[in-house]
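Peer 1: Below are the sequence and a predicted model; questions follow.
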Amino acid sequence: MIKNQKYILITIIGVLVLSGAVFLVARQGFENGTSSKEQLSVEAPLEDGKVPVDSKTSAGVTEEKDTVTFNTVMTSARTAFLKKEYTKAISLYNEALTYKKHAGAYAGLTGVYSAQQDWTNALVSIDSAITIFPSNTDYWVWKITILNEQKHASFSELTSVYQDGLTKVSSDTKVNLVTSFARVAESQDKKTEAIGLWEYAQRLYPLSKAVYQSEIDRLQNK
(Lines give C-alpha, C1' and ligand atoms only; values in the text may rest on other atoms or scores of the structure.)
Protein backbone atom coordinates (compact mmCIF):
# COMPACT_ATOMS: atom_id res chain seq x y z
CA MET A 1 0.00 0.00 0.00
CA ILE A 2 2.81 2.39 0.88
CA LYS A 3 4.51 1.59 -2.42
CA ASN A 4 1.32 2.39 -4.33
CA GLN A 5 0.86 5.68 -2.49
CA LYS A 6 4.41 6.72 -3.33
CA TYR A 7 3.84 5.90 -7.00
CA ILE A 8 0.66 7.97 -7.15
CA LEU A 9 2.29 10.86 -5.25
CA ILE A 10 5.09 10.96 -7.83
CA THR A 11 2.47 11.01 -10.58
CA ILE A 12 0.58 13.82 -8.84
CA ILE A 13 3.66 16.01 -8.49
CA GLY A 14 4.73 15.36 -12.08
CA VAL A 15 1.38 16.34 -13.53
CA LEU A 16 1.04 19.40 -11.33
CA VAL A 17 4.50 20.64 -12.30
CA LEU A 18 3.64 20.17 -15.95
CA SER A 19 0.32 21.94 -15.39
CA GLY A 20 2.30 24.97 -14.28
CA ALA A 21 4.40 24.91 -17.43
CA VAL A 22 1.37 25.11 -19.68
CA PHE A 23 0.49 28.65 -18.71
CA LEU A 24 3.64 29.98 -20.33
CA VAL A 25 2.43 28.29 -23.51
CA ALA A 26 -1.12 29.59 -23.12
CA ARG A 27 0.05 33.18 -22.88
CA GLN A 28 1.53 32.90 -26.35
CA GLY A 29 -1.74 31.59 -27.79
CA PHE A 30 -0.59 28.10 -28.75
CA GLU A 31 -3.32 25.49 -29.14
CA ASN A 32 -1.15 22.40 -28.59
CA GLY A 33 1.31 21.39 -25.88
CA THR A 34 4.69 19.86 -26.62
CA SER A 35 5.47 16.20 -26.22
CA SER A 36 7.97 13.58 -27.30
CA LYS A 37 8.33 9.83 -27.04
CA GLU A 38 9.31 8.47 -23.65
CA GLN A 39 8.58 11.80 -21.98
CA LEU A 40 5.59 13.22 -20.09
CA SER A 41 3.36 15.32 -22.29
CA VAL A 42 2.48 18.92 -21.45
CA GLU A 43 -1.21 19.69 -21.56
CA ALA A 44 -2.45 22.09 -24.20
CA PRO A 45 -4.56 25.16 -23.46
CA LEU A 46 -8.16 25.26 -24.55
CA GLU A 47 -9.06 26.59 -27.97
CA ASP A 48 -10.51 29.69 -26.37
CA GLY A 49 -7.04 30.80 -25.25
CA LYS A 50 -5.85 34.36 -24.88
CA VAL A 51 -7.17 36.86 -27.41
CA PRO A 52 -4.46 38.59 -29.50
CA VAL A 53 -3.15 41.78 -27.93
CA ASP A 54 -4.43 43.94 -30.79
CA SER A 55 -8.05 42.88 -30.17
CA LYS A 56 -10.06 45.84 -28.89
CA THR A 57 -13.45 44.18 -28.50
CA SER A 58 -15.15 44.11 -25.10
CA ALA A 59 -15.40 40.31 -25.24
CA GLY A 60 -11.71 40.06 -26.05
CA VAL A 61 -10.68 42.26 -23.12
CA THR A 62 -12.89 40.27 -20.74
CA GLU A 63 -11.47 36.99 -21.99
CA GLU A 64 -7.91 38.24 -21.59
CA LYS A 65 -8.63 39.34 -18.01
CA ASP A 66 -10.18 35.95 -17.27
CA THR A 67 -7.05 34.23 -18.57
CA VAL A 68 -4.81 36.30 -16.33
CA THR A 69 -7.08 35.65 -13.32
CA PHE A 70 -7.21 31.94 -14.15
CA ASN A 71 -3.42 31.71 -14.21
CA THR A 72 -3.15 33.57 -10.90
CA VAL A 73 -5.70 31.35 -9.18
CA MET A 74 -4.04 28.21 -10.54
CA THR A 75 -0.70 29.33 -9.13
CA SER A 76 -2.32 29.87 -5.73
CA ALA A 77 -4.00 26.45 -5.93
CA ARG A 78 -0.70 24.67 -6.63
CA THR A 79 0.94 26.55 -3.76
CA ALA A 80 -1.85 25.49 -1.40
CA PHE A 81 -1.49 21.89 -2.55
CA LEU A 82 2.25 21.86 -1.90
CA LYS A 83 1.55 23.25 1.58
CA LYS A 84 -0.96 20.41 2.08
CA GLU A 85 -3.77 22.93 2.45
CA TYR A 86 -6.06 20.59 0.57
CA THR A 87 -9.44 22.22 1.31
CA LYS A 88 -8.08 25.56 0.13
CA ALA A 89 -6.52 23.97 -2.96
CA ILE A 90 -9.82 22.36 -3.95
CA SER A 91 -11.62 25.66 -3.55
CA LEU A 92 -9.05 27.46 -5.68
CA TYR A 93 -9.05 24.87 -8.46
CA ASN A 94 -12.85 25.09 -8.59
CA GLU A 95 -12.59 28.87 -8.70
CA ALA A 96 -10.15 28.59 -11.62
CA LEU A 97 -12.69 26.46 -13.47
CA THR A 98 -15.21 29.30 -13.28
CA TYR A 99 -12.86 31.31 -15.50
CA LYS A 100 -11.82 28.54 -17.88
CA LYS A 101 -12.70 24.86 -18.28
CA HIS A 102 -9.10 23.74 -18.47
CA ALA A 103 -7.72 20.21 -18.18
CA GLY A 104 -4.96 21.46 -15.87
CA ALA A 105 -7.45 22.55 -13.24
CA TYR A 106 -9.11 19.13 -13.26
CA ALA A 107 -5.69 17.48 -13.09
CA GLY A 108 -4.96 19.66 -10.08
CA LEU A 109 -8.15 18.49 -8.42
CA THR A 110 -7.17 14.89 -9.16
CA GLY A 111 -3.90 15.51 -7.38
CA VAL A 112 -5.56 16.93 -4.30
CA TYR A 113 -8.18 14.19 -4.08
CA SER A 114 -5.46 11.56 -4.54
CA ALA A 115 -3.46 13.07 -1.71
CA GLN A 116 -6.59 12.81 0.43
CA GLN A 117 -7.15 9.25 -0.82
CA ASP A 118 -10.56 10.29 -2.11
CA TRP A 119 -10.36 8.02 -5.12
CA THR A 120 -13.97 8.47 -6.22
CA ASN A 121 -13.57 12.22 -6.73
CA ALA A 122 -10.06 11.69 -8.11
CA LEU A 123 -11.52 9.54 -10.88
CA VAL A 124 -14.29 12.05 -11.61
CA SER A 125 -11.70 14.80 -11.94
CA ILE A 126 -9.29 12.86 -14.16
CA ASP A 127 -12.20 11.88 -16.39
CA SER A 128 -13.02 15.57 -16.77
CA ALA A 129 -9.40 16.30 -17.68
CA ILE A 130 -9.48 13.50 -20.26
CA THR A 131 -12.72 14.83 -21.76
CA ILE A 132 -11.05 18.20 -22.37
CA PHE A 133 -7.66 16.86 -23.44
CA PRO A 134 -8.03 13.20 -24.51
CA SER A 135 -4.68 13.09 -26.32
CA ASN A 136 -2.73 13.57 -23.07
CA THR A 137 -1.20 10.16 -22.37
CA ASP A 138 -0.38 10.98 -18.75
CA TYR A 139 -4.03 11.43 -17.87
CA TRP A 140 -4.88 7.95 -19.14
CA VAL A 141 -1.94 6.44 -17.27
CA TRP A 142 -3.04 8.24 -14.12
CA LYS A 143 -6.62 6.94 -14.46
CA ILE A 144 -5.47 3.36 -15.02
CA THR A 145 -3.09 3.60 -12.05
CA ILE A 146 -5.89 4.68 -9.72
CA LEU A 147 -8.24 2.00 -11.05
CA ASN A 148 -5.60 -0.69 -10.69
CA GLU A 149 -3.98 0.19 -7.39
CA GLN A 150 -6.81 1.84 -5.47
CA LYS A 151 -10.09 0.66 -6.99
CA HIS A 152 -8.79 -2.87 -7.67
CA ALA A 153 -10.48 -3.00 -11.06
CA SER A 154 -10.46 -6.26 -12.99
CA PHE A 155 -8.00 -6.73 -15.83
CA SER A 156 -10.85 -6.67 -18.35
CA GLU A 157 -12.00 -3.31 -16.97
CA LEU A 158 -8.47 -1.93 -17.13
CA THR A 159 -8.02 -3.27 -20.65
CA SER A 160 -11.17 -1.47 -21.75
CA VAL A 161 -9.83 1.86 -20.47
CA TYR A 162 -6.42 1.17 -22.02
CA GLN A 163 -7.91 0.39 -25.42
CA ASP A 164 -10.04 3.51 -25.30
CA GLY A 165 -7.00 5.61 -24.49
CA LEU A 166 -4.94 3.94 -27.20
CA THR A 167 -7.28 5.35 -29.85
CA LYS A 168 -7.08 8.89 -28.49
CA VAL A 169 -3.59 9.61 -27.13
CA SER A 170 -0.95 11.44 -29.11
CA SER A 171 1.04 9.19 -31.43
CA ASP A 172 4.22 10.77 -30.05
CA THR A 173 3.56 9.43 -26.54
CA LYS A 174 1.43 6.35 -27.25
CA VAL A 175 4.36 4.11 -26.33
CA ASN A 176 4.20 5.47 -22.78
CA LEU A 177 0.64 4.19 -22.40
CA VAL A 178 1.66 0.81 -23.79
CA THR A 179 4.67 0.36 -21.50
CA SER A 180 2.68 1.55 -18.51
CA PHE A 181 -0.05 -0.96 -19.24
CA ALA A 182 2.55 -3.69 -19.70
CA ARG A 183 3.50 -3.16 -16.05
CA VAL A 184 -0.17 -3.19 -15.07
CA ALA A 185 -0.60 -6.50 -16.89
CA GLU A 186 2.35 -7.94 -14.98
CA SER A 187 0.91 -6.68 -11.68
CA GLN A 188 -2.27 -8.60 -12.55
CA ASP A 189 -0.26 -11.76 -13.29
CA LYS A 190 -0.98 -11.52 -17.00
CA LYS A 191 2.47 -12.56 -18.18
CA THR A 192 1.55 -13.37 -21.79
CA GLU A 193 -0.31 -10.10 -22.21
CA ALA A 194 2.59 -8.16 -20.67
CA ILE A 195 5.07 -9.70 -23.09
CA GLY A 196 2.79 -8.86 -26.00
CA LEU A 197 2.61 -5.25 -24.85
CA TRP A 198 6.40 -4.94 -24.63
CA GLU A 199 6.63 -6.36 -28.15
CA TYR A 200 4.10 -3.78 -29.31
CA ALA A 201 6.21 -1.06 -27.65
CA GLN A 202 9.19 -2.26 -29.68
CA ARG A 203 7.25 -1.69 -32.89
CA LEU A 204 6.05 1.73 -31.77
CA TYR A 205 9.46 2.96 -30.65
CA PRO A 206 12.33 0.93 -32.15
CA LEU A 207 14.95 3.21 -30.59
CA SER A 208 14.25 1.58 -27.22
CA LYS A 209 13.90 -1.93 -28.59
CA ALA A 210 16.80 -3.25 -26.51
CA VAL A 211 15.32 -1.82 -23.31
CA TYR A 212 11.95 -3.38 -24.03
CA GLN A 213 13.60 -6.67 -24.95
CA SER A 214 15.18 -6.79 -21.52
CA GLU A 215 11.69 -6.61 -20.03
CA ILE A 216 10.55 -9.42 -22.32
CA ASP A 217 13.53 -11.56 -21.33
CA ARG A 218 12.89 -10.89 -17.66
CA LEU A 219 9.27 -11.96 -17.95
CA GLN A 220 10.11 -15.07 -19.95
CA ASN A 221 12.59 -16.14 -17.28
CA LYS A 222 10.27 -15.29 -14.42
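Peer 2: Nice, thanks for sending it over. Numbers count the residues shown, from 1 in each chain.

Peer 1: Please name the nearest non-neighbouring residue to residue 123.
Peer 2: residue 146 (6.0 Å; Cβ to Cβ, 6 or more residues apart in numbering). For every residue, glycine as well, the C-beta is placed using N, CA and C.

Peer 1: how far away is that neighbour from residue 153?
Peer 2: In this view, residue 146 and residue 153 are 9 Å apart by Cβ to Cβ, to the nearest Å.

Peer 1: Give me the more crowded residue out of the two.
Peer 2: More neighbours surround residue 146 than the other of residue 146 and residue 153, with 22 against 18 (other Cβ atoms under 10 Å).

Peer 1: so what's the residue nearest to residue 123 up against?
Peer 2: By Cβ atoms under 8 Å, 6 or more residues apart in numbering, the contact set of residue 146 is 8, 114, 119, 122-123, 126.

Peer 1: quick one, phi psi at it?
Peer 2: With angles defined as degrees, to the nearest 10, residue 146 sits at phi -60, psi -40.

Peer 1: Let me know how buried residue 71 is, in neighbour terms.
Peer 2: 21.

Peer 1: Helix or strand: which one has it?
Peer 2: Assessed by DSSP states H and E, residue 71 sits inside helix 58-82.

Peer 1: picking up where we left off before, list buried residues within the contacts of residue 146.
Peer 2: 8, 114, 119, 122-123, 126 (16 or more other Cβ atoms under 10 Å).

Peer 1: Just the ones in helices from those residues, please.
Peer 2: For the buried ones among the contacts of residue 146, the ones inside helices are 8, 114, 119, 122-123, 126, with DSSP state H as the criterion.

Peer 1: what two of those are the furthest from one another?
Peer 2: 8 and 123 (12.3 Å; Cβ to Cβ).

Peer 1: of the ones in helices among the buried ones among the contacts of residue 146, closest to residue 89?
Peer 2: Of these, the one sitting nearest to residue 89 (Cβ to Cβ) turns out to be residue 114, at 11.8 Å.
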